[in-house]
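[1] Please work out how this folds:
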Amino acid sequence: MKQLLLILLLFLSGNSVFGQNLGWAPIGAEWYYDYKDNWLIDGYSKYSVEKDTIVNGINCRKISVYSEWYNYESETIGSSSYPATYYDPLISYEADSVIYLFNGNTFDTLMNFKANPGDTWKAPGQYCENYKTVLDTGSYNINGCSGKWISYEYMFDDFWTVSIDTFYQNIGSTNIGFEIVNYYCDGVADITIPTNLRCYSDNQCSVQFTEKECDFRISSVSQFPSESTFLVYPNPASSFITIEGLEQTLVTLYDVTGKKILSKMFSSEDNVINVEHFTRGMYFIELKKLNTSEKYIKRIILD
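    Down below sits the predicted model:
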């Protein structure tokens, strides 16, 4: 009888035996990230917590991924969807303020909320010496989401540059998607990854981190106005960009980081953008017809 009672208590507590999730990754939670590759692909990547699952005797959460993108070079649209399996990194659980990811063999630490500044641990799934180092910690309460945050640094690309990110206990990373666990090792840098958290939501709270709509992107070719109906020139440009063919159009200019540089309604009489004072480089110009869902996005070079 005592043994049965002990087993029941262990089952109900869940923390030590089954790795009971606390606030991390509740069923129904969703994350939307930007989806980019060398700034030539734009779209979004959505993580969705599907259900509970048991891995290595631990009660975990199974997270699926869906991505959509538009390729500016080839002007093609694509999408991908896959459910997390035991061999994907998207099996996760939280126990004793530590969040874990499954890497195909065992669980690695994704984030340790008991850590102090200066503490380090190896990034999940990495085979090279790629460590996360805690810089600072604190607490937050945003739209019902509350907990501890950790600012940390890690090696980001094949040049071994150091990047800084913030991880919110019940929300996640703000600068990079979960899949960093697979990609930044052995000099791999030019692959498409989720980056820049747009928004997070679960049944308790909802937080939007950028001006972009959570799942916004052009989802079918039919939504694009035909390029033959307008002209954007010159490209490359040095002083002025002229737009012809679209009336009552919202024109938005973004730099390569996704920062909005300009947003203005244009007409056939007012169709010139002065760019001579902008930093030289690559930009994206988005054209949206008034009172319609039609959009067109084009890459512009300032030289």
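
[2] which regions of the stretch 151-300 of the chain sit below the pLDDT cut-off?
    155-162, 179-193, 216-230, 246, 256-258, 292-295 (pLDDT under 70).

[3] how about the strands in the stretch 151-300 of the chain?
    Here the stretch 151-300 of the chain has its strands, by DSSP state E, counting those that start in this stretch, at 162-168, 172-173, 193-201, 206-208, 231-233, 240-244, 249-255, 260-266, 272-274, 281-289, 295-302.

[4] just checking, residue 205 touches residue 144?
    Yes: assessed by Cβ atoms under 8 Å, residue 205 is found in contact with residue 144 at 3.4 Å. Heads up, the C-betas are built off the backbone N, CA and C, glycines and all.

[5] Domain parsing of this structure, as residue ranges.
    Structurally, the chain divides into domains by automatic domain parsing as follows: 15-208, 221-302.

[6] Mean neighbour count, those: which tops it?
    A comparison of those by mean neighbour count, using mean count of other Cβ atoms under 10 Å, puts domain 15-208 on top with a mean of 17.

[7] circling back: what about the domains of the chain, which gets the closest to residue 215?
    Closest to residue 215 of the domains of the chain is domain 15-208 (Cβ to Cβ; 5.6 Å).

[8] export the strands of the stretch 151-300 of the chain to JSON lines and tack on distance to residue 215?
    Formatted as JSON lines, those follow (distance: least, Cβ to Cβ, whole Å):
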{"stretch": "strand 162-168", "distance to residue 215": "20"}
{"stretch": "strand 172-173", "distance to residue 215": "17"}
{"stretch": "strand 193-201", "distance to residue 215": "8"}
{"stretch": "strand 206-208", "distance to residue 215": "12"}
{"stretch": "strand 231-233", "distance to residue 215": "26"}
{"stretch": "strand 240-244", "distance to residue 215": "27"}
{"stretch": "strand 249-255", "distance to residue 215": "18"}
{"stretch": "strand 260-266", "distance to residue 215": "19"}
{"stretch": "strand 272-274", "distance to residue 215": "29"}
{"stretch": "strand 281-289", "distance to residue 215": "16"}
{"stretch": "strand 295-302", "distance to residue 215": "14"}
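
[9] And these: which comes nearest residue 136?
    Using Cβ to Cβ, the nearest of the strands of the stretch 151-300 of the chain to residue 136 is strand 162-168, at 9.1 Å.

[10] got a list of contacts for that closest one?
    The contact list for strand 162-168 (Cβ atoms under 8 Å, 6 or more residues apart in numbering) reads 111, 135, 140, 142, 145, 147, 149-156, 173-176.

[11] can you tell which of the strands of the stretch 151-300 of the chain is closest to residue 65?
    strand 193-201 (8.4 Å).

[12] Okay, and the beta partners of residue 273?
    residue 241 (DSSP bridges).

[13] Residue 234 against residue 241, yeah?
    Yes: with contact defined as Cβ under 8 Å, residue 234 reaches residue 241; the gap is 7.4 Å.

[14] The closest residue to residue 71 other than its chain neighbours and residue 27: what is the separation?
    Leaving out its chain neighbours, the residue that sits closest to residue 71 by Cβ to Cβ, 6 or more residues apart in numbering is residue 41, at 5.3 Å. Using Cβ to Cβ, to the nearest Å, we find residue 41 at a distance of 30 Å from residue 27.

[15] Export only the CA atoms of stretch 28-38, formatted as PDB.
    Taking C-alpha atoms only, stretch 28-38 is exported to PDB below (Å, rounded to 0.1, in the frame of the first residue of the first chain):
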ATOM      1  CA  GLY A  28      -2.000  25.300 -28.500                       C
ATOM      2  CA  ALA A  29       0.900  27.800 -28.100                       C
ATOM      3  CA  GLU A  30       2.100  29.300 -31.400                       C
ATOM      4  CA  TRP A  31       5.200  31.200 -32.400                       C
ATOM      5  CA  TYR A  32       5.600  33.200 -35.700                       C
ATOM      6  CA  TYR A  33       9.100  34.100 -36.900                       C
ATOM      7  CA  ASP A  34      10.400  35.800 -40.000                       C
ATOM      8  CA  TYR A  35      11.800  33.400 -42.500                       C
ATOM      9  CA  LYS A  36      14.900  34.600 -44.300                       C
ATOM     10  CA  ASP A  37      17.800  33.400 -46.300                       C
ATOM     11  CA  ASN A  38      20.500  35.900 -47.100                       C
END
